[in-house]
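In: sequence below, structure please.
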Amino acid sequence: MSVMTCHHNSAYYRTDETRDYYAYPKYSFRYRVYDEDTGDNKRQYEIRDGSMVKGYYRVNDPDGTVREVHYRSDNNDGFTSKVNTVSHRLKTPFFRSSVTHY
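Out: Take a look at the predicted model:
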């Protein structure tokens with residue numbers, strides 16, 4: 001029979017404080033896509049400063065309708081958005097076929 005004993009001396013036991021490496025959230029970005037071959041046209045812009053985020057995006061649909069959405073989110077009002085739609089409807093929706101006809 002074997003007996004195992006463990007002795008823990010708290011004088012030699014070291015604990016480090018837990019550190020929170022929280023970085024203040026702050027950023028901004030934007031992008032745009034404009035492709036004449038496909039008719040793809042869109043853009044977005046957004047900024048964040050702490051708990052507040054705001055921005056917009058704009059999309060040109062194939063039928064010519066343009067949608068622009070402005071949005072904002074913060075701790076006071078939550079998420080809010082406003083959508084603007086401008087109709088420039090085309091007689092024929094834009095579509096360029098990539099199929100080659102023989």
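
In: quick one: secondary structure of residue 17?
Out: Under DSSP: H, G, I helix; E, B strand; the rest coil, the three-state class of residue 17 is coil.

In: roughly how far apart are it and residue 24?
Out: 21 Å (CB to CB, to the nearest Å). C-beta here means a position set from N, CA and C on the backbone, and glycine is covered the same way.

In: residue 73: helix or strand, and which one exactly?
Out: Element membership for residue 73 (DSSP states H and E) is strand 65-74.

In: who are the packing partners of the helix or strand harbouring residue 82?
Out: Residue 82 is part of strand 78-87 when elements are defined by DSSP H and E. Under the contact definition 3 or more CB pairs under 8 Å, 6 or more residues apart in numbering; DSSP states H and E, strand 78-87 sits against strand 65-74.

In: just the CA atoms of the strand holding residue 82, as CSV, please.
Out: These are the backbone C-alpha positions of strand 78-87, laid out as CSV (Å, rounded to 0.1, in the frame of the first residue of the first chain):
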residue,chain,number,x,y,z
GLY,A,78,-31.0,51.7,-30.2
PHE,A,79,-30.9,51.1,-34.0
THR,A,80,-32.6,53.6,-36.3
SER,A,81,-32.6,53.8,-40.1
LYS,A,82,-34.0,55.9,-42.9
VAL,A,83,-34.5,54.4,-46.3
ASN,A,84,-34.6,56.6,-49.4
THR,A,85,-35.6,55.0,-52.7
VAL,A,86,-35.2,56.9,-56.0
SER,A,87,-36.8,55.2,-59.0
